[in-house]
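1. Got a predicted model here, sequence first, then my questions.
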Amino acid sequence: AGRRPRPLLAADVAVLTGMCLSQALTVPASQTLHGSTWVLVAVSIVAVAYQLMYPAPVALALALYLAAADLAGAMLDRPAGWSYALPNVGWLLVQSSLAQGLYLSLIHI
């Protein structure tokens with residue numbers, strides 16, 4: 001639990017943002033369920049991991065940012081039907097909040 005270098009966090013967020021925005025190129029058109037895309041799986045894992053690594057305001061802001069980036073990528077991928085991604089993006093925020101709550105409850109035991 002030492003200091004975490006900010007340049008590495010910035011690079012990590014930049015790579016994840018690029019992943020999210022590249023969904024039109026990296027997610028096959030035959031994959032009709034947003035919840036099973038490799039992009040959402042990777043972003044979900046990282047958003048939950050941030051909850052265990054950074055202070056709550058920073059971690060939750062990062063989760064919100066990643067959710068917005070994923071939704072933007074879904075919009076770029078399917079401009080006419082991007083609303084299919086809303087439940088999964090919402091669940092990403094729920095997962096992050098639950099991870100933060102669990103982390104805080106374990107810290108204060």
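-> Arrived safely. Residues are numbered from 1 along each chain as shown.

2. Which parts of the chain are helices?
-> 6-21, 23-26, 38-53, 56-77, 86-107 (DSSP state H).

3. out of everything not next to it in sequence, what's closest to residue 75?
-> residue 82 (4.3 Å; Cβ to Cβ, 6 or more residues apart in numbering). In short, each C-beta sits where N, CA and C put it, glycine included.

4. Burial check on the one you found, number of neighbours?
-> Number of residues near residue 82 (other Cβ atoms under 10 Å) recorded here: 17.

5. what do you get for the one 5 residues further on?
-> Here the number of neighbours of residue 87 (other Cβ under 10 Å) works out to 11.

6. give the contact list for it.
-> Counting by Cβ atoms under 8 Å, 6 or more residues apart in numbering, residue 87 makes contact with residue 35.

7. roughly how far apart are it and residue 27?
-> For residue 87, the distance to residue 27 (Cβ to Cβ, to the nearest Å) stands at 17 Å.

8. can you check residue 41 too?
-> According to Cβ to Cβ, residue 41 stands 11 Å off from residue 27.

9. Those two: who's more crowded?
-> Taking neighbours as other Cβ under 10 Å, residue 41 and residue 27 compare with residue 27 leading, 19 against 11.

10. Tell me which other helices or strands the lowest-mean-pLDDT helix or strand in the chain touches.
-> Lowest on mean pLDDT, DSSP states H and E among the helices and strands of the chain sits helix 23-26, with a mean of 90. If you count contacts as 3 or more Cβ pairs under 8 Å, 6 or more residues apart in numbering; DSSP states H and E, helix 23-26 packs onto helix 38-53, helix 56-77.
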